[in-house]
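Chemist: model the structure of this input:
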Amino acid sequence: MKFRGLRHVEAISMEEGHFETLEDAVRRHIMDALTLARGNQRQAAVLLGVTRWKLARMITRFDLRDFVNRIRGVDHQATETSAVEEAAPEALTSGPHDR
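Modeler: The predicted structure follows:
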């Protein structure tokens with residue numbers, strides 16, 4: 001494709017209604033990695049190709065702490081639910097005084 005200049009780019013972005021900024025794209029990409037890693041920042045950092053500390057700084061910069069906590073909370077609840085469902089019924093009802 002031949003470059004037609006800035007006016008051509010402006011016309012394309014105006015036709016689509018919104019041209020995503022680099023900052024928006026990076027924020028969305030971080031959120032996608034965190035979602036895929038179910039809130040595990042170490043795994044998300046590996047996916048993004050950055051250190052865990054760099055990801056922590058980006059989470060702060062993009063104000064994503066609540067997002068991480070929400071993702072981890074959903075995953076934590078799902079893990080607790082599946083653990084209870086996998087437990088034997090006797091284990092759930094019997095206690096030390098039931099013998």
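Chemist: would you map the helices across this structure?
Modeler: With helices called from DSSP state H, the chain shows them at 6-16, 22-36, 41-48, 52-61, 65-86, 89-93.
Chemist: could you tell me the least trusted of those helices?
Modeler: With a mean of 52, helix 89-93 has the lowest mean pLDDT of the helices of the chain.
Chemist: next, count neighbours for Ile71.
Modeler: Using other Cβ atoms under 10 Å, Ile71 has 20 neighbouring residues. Placement of C-beta: from N, CA and C, glycine included.
Chemist: so who does it touch?
Modeler: The neighbourhood of Ile71, defined by Cβ atoms under 8 Å, 6 or more residues apart in numbering, consists of 34-35, 38-39.
Chemist: apart from its neighbours in sequence, what residue is nearest His29?
Modeler: Computed as Cβ to Cβ, 6 or more residues apart in numbering, the closest residue to His29 that is not its neighbour in sequence is Leu48, at 7.3 Å.
Chemist: state the number of residues packed around that neighbour.
Modeler: Other residues within reach of Leu48 by the criterion other Cβ under 10 Å amount to 18.
Chemist: isn't it up against Asp32?
Modeler: No - at 9.4 Å, Leu48 does not count as touching Asp32 under the criterion of Cβ atoms under 8 Å.
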